[in-house]
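J.: A predicted structure for the sequence below; I have some questions about it.
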Amino acid sequence: MPPRVARFLVGLVIGLALGLGYAWLLQPVTYYDTAPASLRQDYRTDYVLMVAQAYQAEGDLSLALLRLAALGPEPPADMVDQAIEFAKANEFTADDTQVLVDLAAALGTLPAAPDSDVS
């Protein structure tokens, strides 16, 4: 093997070893558990879209509501409406927007919450 190639391979191995040692020992990745409620609007829209796609596949509205509840105390219909507005403003595909509209329509069929002042 020519000395030039040998030096290159030795340098490559040393560089890899130093890089991995730095990444694994000195500056390892720190993972954080973040609540979905703290997501930016674009990621919230993606989350709502995934919930809508899961609802479309499963047809379980109560499970979709449970999944949307992870985004916070805001009414689910408002979350979906915001996602539809964001999707239209940011040129999501027509299929994705339609899935969101279908979920919004399904949420519109929910019965009103019962009043706590029952006489």
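T.: It's in. Residues are numbered from 1 along each chain as shown.
J.: give me the spatial nearest neighbour of the residue sitting nearest the centre point of the chain, chain neighbours excluded.
T.: Most central in the chain under CA atoms, centre = their mean is residue 47, positioned 4.1 Å from the mean C-alpha point. Of all residues not flanking residue 47 in the chain, residue 36 sits nearest, at 5.8 Å (CB to CB, 6 or more residues apart in numbering). Using the backbone N, CA and C atoms, a C-beta is placed for each residue, glycine as well.
J.: the closest residue to residue 99 other than its chain neighbours: which element?
T.: Leaving aside its chain neighbours, residue 99 sits nearest to residue 52 (4.6 Å; criterion: CB to CB, 6+ apart). Using DSSP states H and E, residue 52 sits in helix 41-58.
J.: distance from the chain centre to that helix, please.
T.: Relative to its chain's centre, helix 41-58 lies at 8 Å (CA atoms, centre = their mean, to the nearest Å).
J.: and what of stretch 42-61?
T.: Using CA atoms, centre = their mean, the offset of stretch 42-61 from its chain centre is 10 Å.
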